[in-house]
Structure formats: C-alpha cells, structure tokens
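coords please:
(one chain, ligands or ions: 1)
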Amino acid sequence: MGSGCIDFFNQPLEQIREGMVPQIFAKFQFGLVVGLPATAGPTRRRATLRYPTRDETRREAFTSAPWGALIPSPTTRPVTVMKLINSFGPNPRLVRMFMAEKGIELPTEELDLLAGENRKPPYTDKNPGGQMPALQLDDGTVIAETAAICEYLEETQPSPALIGSNARERAVGRMWQRRVELNITENIYNGFRYAEGLGLFKDRMYCIPEAAAGLKAKGKNQLAWLDGLMSGRDFVGGNRIGLADITLYCCLDFAKGVGQPIPAELKNINAWFQRMDQRPSAQQSLSPGWEQVGMRG
Ligand SMILES: N[C@@H](CCC(=O)N[C@@H](CS)C(=O)NCC(=O)O)C(=O)O
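Numbers count the residues shown, from 1 in each chain. Below you'll find the model as predicted:
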C-alpha cells in the first residue's frame, strides 16, 4: 500500500459517501481494478452506523464512484475488525447506552470482569489500565476510558449529538461531563470499591477502606448540588440528553443496588432518573446476565 493512503476500508459508510472516495481512488497505488458504478444519484443517509464488511465497502465504492473510477482491490486491505471490548459493569453499560442512543452497532469481544479477565494479559497488553470497556480500532489502536471512547464515536458519527454539534455545545457538554465524573460518579464508585466492593477490588487496585464513608458522603453532597440546578430542565446540561446524563444514570442505577440509593428528597434528580430509565437505551444497554450478578451494569 502506498504511504499516505487514506484508511479507506476502516471508514464508516457515512464518511466514504461524503466525499472520500474520489480522493482514495487517486491515492491507491497497488491492487487497483477498474469499476463502473451501478447507479448514480443522491447520497443515501443511514439511521445507524455499522462498520462495513469488505464486500459492503466494495459494493459501496462501486455504487458511489463516478463513471470510470478506479476501485481499490479488497485483497490489499485487512478485513474491518473494529470492536468494543465489553463486559458486565456500569462503565461498559455507559458506552453501550451511548451507542444505543446514537444507533451504533459494533461487534463485541466479551470479557469476564468478575473473574478478573480484564486484569491480566492479553487485555492488559492492550489496556494497561486494566479497566473496562475499551474500543479497539481497525488499526489495532485501543482506546480506554469511557469519555474518550464516546468522544471517538461522536466524531465518527456526529448525529444525534450527545456531546455537542458545535464548539460551544461541545464545551458545555464536556463541562458537565467533568463535573459529573469528578464530583459525583468517581466518589460513588470509589465509595463502593472501598466498602461493599472491597472483596473484589482489594487485589486489583490500591484501596482506601477508611475513605469509603467520606467519598459516599461527598458524592451525595454533589448530587444534591446538581439537584438544585436541575429545577426546570430535563437533562443535566439543559434540555437535550448528553453524555453527562448517560454517565450519571448508569452510575446511579448501579449504585442504588449496592447501598447508595438516590436520596428521596432530591426531587429533581429522582424525576430525571425516571425519565432516563424509560428510554429504550436504558434497557437495551443492561448486560443480559445482570440479574445473576445481582448488580445493574
Ligand atoms: N475511568 C474508567 C473506569 C472504568 C471502570 O471502572 N470499569 C470497571 C467496570 S464498570 C472495571 O473495569 N472494573 C473491574 C476492575 O477494575 O478490575 C472509565 O471511564 O472507563
């Protein structure tokens, strides 16, 4: 493959349709075949993003290319392998819910989190952080951290926007995401890891059992702060669902089953939680085995 080629086979269909094909044809140097497009016409839009198989990519190239264009031979590229490395847990669920809201489907590789498969090779060779989930791209790049994964997916498929569709909206979305994570969800999760979850986590990470009660109290206090701000608005950052809502919902839905329920007096947060709970993505994103595990994730 000539250097500087656009990574044609790894692009979602949307991007290929929207103008990449002619550039790619000009840049491929080996394995070229001549292709005649079967149809010409307006670009078709898709509701969901699924990464194309090699055959689909090739068919797409034929149908959207100008007459007489050169189509790269599929034998010159590996098969698309982008996948979500997935497991039980509120953080993998967060990414699954984000994907469900966007209509994104991806192949998954399932790891047994309770058995600690995520804490040893080959997973830790890919993600030394050892936590779940991770997104493995076609070129082998592994992206961990839920916010980074969701940012990548949002850039790949901007619509519907769950972080923001312009610089101002994205800044506001990220501001709420950081507030939710730093002030609320991290405190709730660490409160759990250092107390109810200690048996599972003591050999996986540095735990501070004596901090558990304080962390839970801090998370609760910051949730009360958010409750005060939520009066008159439907979602954390305004009137549109965003990544911050999904992050908070997955955490609180998990936490209520492990000793950290939403305090009844937080009326706005409770009403918001009900709204989130009724979204199809909330059910769709739950691990099939959550009841056996006894935790919602
Ligand atoms: N900051 C990380 C947190 C990920 C995380 O805590 N994942 C949990 C699952 S919900 C996990 O891997 N737990 C098992 C372990 O730490 O071994 C992110 O946003 O991705």
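
name the element L153 belongs to?
For L153, the element it lies in under DSSP states H and E is helix 146-156.

Tell me the gap between that helix and the middle of its chain.
Distance, stretch centre to chain centre, for helix 146-156: 6 Å (C-alpha atoms, centre = their mean, to the nearest Å).

in it, what counts as buried?
Residues T146, A147, I149, C150, E151, L153, E154, T156 are the ones in helix 146-156 that count as buried (16 or more other C-beta atoms under 10 Å). Yep, even glycine has a C-beta here, placed from its N, CA and C like the rest.

near the ligand, which residues of the stretch 1-150 of the chain?
G89, P90, N91, L113, N118, R119, G130, Q131, M132, A144, E145, T146 (C-beta under 6 Å from any ligand atom).

Buried only: go through those for me.
For those, a burial check counting by 16+ other C-beta under 10 Å picks out G89, P90, N91, L113, N118, R119, G130, Q131, M132, A144, T146.

From V180, how far off is A271?
Here A271 is placed at a distance of 17 Å from V180 (C-beta to C-beta, to the nearest Å).

how about the helices in this protein?
13-15, 21-27, 54-64, 90-102, 123-126, 146-156, 167-179, 186-193, 198-201, 212-229, 243-255, 267-277, 280-284, 290-293 (DSSP state H).

residue in the stretch 1-150 of the chain nearest to the ligand?
Relative to the ligand, the nearest point of the stretch 1-150 of the chain is G89 (2.8 Å; C-beta to the nearest ligand atom).

Just want the phi and psi numbers for that residue.
Dihedral pair for G89: phi 130, psi 150, per degrees, to the nearest 10.

Enumerate every residue touching it.
Listed by C-beta atoms under 8 Å, 6 or more residues apart in numbering, the contact set of G89 reads L113, M132, P133, S287, G297.

Would you mind writing the CA trace of the helix holding L153 as PDB?
Provided in PDB are the C-alpha atoms of helix 146-156 (Å, rounded to 0.1, in the frame of the first residue of the first chain):
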ATOM      1  CA  THR A 146     -15.400   5.800  28.600                       C
ATOM      2  CA  ALA A 147     -15.400   9.500  27.900                       C
ATOM      3  CA  ALA A 148     -12.600   9.100  25.300                       C
ATOM      4  CA  ILE A 149     -14.400   6.200  23.700                       C
ATOM      5  CA  CYS A 150     -17.600   8.200  23.500                       C
ATOM      6  CA  GLU A 151     -15.800  11.200  22.100                       C
ATOM      7  CA  TYR A 152     -14.300   9.000  19.300                       C
ATOM      8  CA  LEU A 153     -17.800   7.600  18.500                       C
ATOM      9  CA  GLU A 154     -19.300  11.100  18.400                       C
ATOM     10  CA  GLU A 155     -16.700  12.300  16.000                       C
ATOM     11  CA  THR A 156     -17.200   9.200  13.900                       C
END
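
Just list the residues touching the residue of the stretch 151-297 of the chain found nearest the ligand, thanks.
Across the stretch 151-297 of the chain, the shortest distance to the ligand (C-beta to the nearest ligand atom) belongs to R204, at 4.4 Å. Shown in contact with R204 (C-beta under 8 Å, 6+ apart): G116, R119, G130.

on that earlier part again, same for the helix holding L153, what does it pack against?
helix 90-102, strand 134-136, helix 243-255 (3 or more C-beta pairs under 8 Å, 6 or more residues apart in numbering; DSSP states H and E).

which stretches of the stretch 1-150 of the chain aren't confidently modelled?
Counting by pLDDT under 70, the ranges of the stretch 1-150 of the chain that qualify are 1-80.

ok, back up a step: how about the residue of the stretch 1-150 of the chain closest to the ligand: what's its closest non-neighbour residue?
Once flanking residues are discounted, G89 sits nearest to G297: 4.4 Å by C-beta to C-beta, 6 or more residues apart in numbering.

ok, how many other residues are close to that neighbour?
24 (other C-beta atoms under 10 Å).

go on, W290?
A count of nearby residues for W290, using other C-beta under 10 Å, gives 16.

Repeat that for the one 4 residues further on.
By the measure other C-beta under 10 Å, the count of residues near G294 is 8.

Pull out the buried positions in stretch 286-297.
Per 16+ other C-beta under 10 Å, stretch 286-297 contains these buried residues: L286, S287, W290, M295, R296, G297.

should've said stretch 196-210
Of all the residues in stretch 196-210, those buried under the rule 16+ other C-beta under 10 Å are E196, G197, F201, C207.

chain center to it, what's the gap?
Averaging C-alpha positions (C-alpha atoms, centre = their mean) puts stretch 196-210 26 Å from its chain's average.
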